[in-house]
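Peer 1: Everything below, folded, please.
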Amino acid sequence: MKLLSDCRRFNTLILALLVLPVLFGGCASTPYQRTGNKIYGGYTSLRLSHDTYNVAFQGNENSKSSQVHDFALLRSAELTLENGFKYFVVINDQSKSLRNYSPNRSSGTFRVTEKQVIPRDLSTPRATHTTVEATPGSVSLIKPAYILTIQMYGDRPSLRKPSRYIYEAAPLIIQLNAKHKVK
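Peer 2: Next up is the predicted model:
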């Protein structure tokens, strides 16, 4: 009898060890990664010319807007170095979000009520809105996103208007990797 009881406790412990990481793993913000999974988000980029890109980063509902913006900047810095440039300037910075409603566990059904979507190709950022009734027990989930249009330069640009959006790519990568513990 004692052996059977010990086996049940052992099985319960193993089950708990397998289930807990799955449950708590869903609470993490979006990791720095290429977009591939709509649930977790990530970055995409579109080359507009030899020195200009649109770069987007979409977070999940646990992502902070500041982290999502930093990850868009990080990808911009990486693209700058990959293309043989040293500096980049953010010439357009757009904040977007995906808002949907999911059911509170105590309520029954839910429907999507509002959606802003960043297309995968980034060529024409646009928003799609749908209005449907949400149940009283639903919970709003907001997934932050940023779209940056960047222009890259070999030397520090001397712009007509002074810009606080001029970045040196290599030091920015080191700074953001350390800040967000990106490997």
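Peer 1: what are the ranges of the strands in the chain?
Peer 2: 42-49, 52-58, 87-103, 115-117, 126-128, 138-153, 166-168 (DSSP state E).
Peer 1: how about TSV for those, with distance to Gln67 added?
Peer 2: Every residue, glycine included, has its C-beta placed from N, CA and C. As requested, the strands of the chain are arranged in TSV below (distance: least, Cβ to Cβ, whole Å):
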stretch	distance to Gln67
strand 42-49	12
strand 52-58	9
strand 87-103	13
strand 115-117	19
strand 126-128	22
strand 138-153	8
strand 166-168	17
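Peer 1: Quick check: which of the ones you listed has the most neighbours on average?
Peer 2: strand 52-58 (a mean of 24; mean count of other Cβ atoms under 10 Å).
Peer 1: Residues in contact with it: which ones?
Peer 2: 30, 35, 41-48, 68-69, 71-72, 75-76, 79, 91, 98, 118, 122-123, 143-152 (Cβ atoms under 8 Å, 6 or more residues apart in numbering).
Peer 1: Next one: Asn60 relative to Tyr165, how far apart?
Peer 2: Separation of Asn60 from Tyr165 (Cβ to Cβ, to the nearest Å): 26 Å.
Peer 1: Which one's more surrounded, those two?
Peer 2: Set side by side, Asn60 and Tyr165 show more neighbours around Asn60, with 23 against 14, by other Cβ atoms under 10 Å.
Peer 1: Bridged to the nearest residue to Glu61 once chain neighbours are set aside, which residues?
Peer 2: With sequence-adjacent residues excluded and distances taken as Cβ to Cβ, 6 or more residues apart in numbering, Glu61 is closest to Leu141, at 4.1 Å. Residues in a beta bridge with Leu141, per DSSP bridges, are Asn100.
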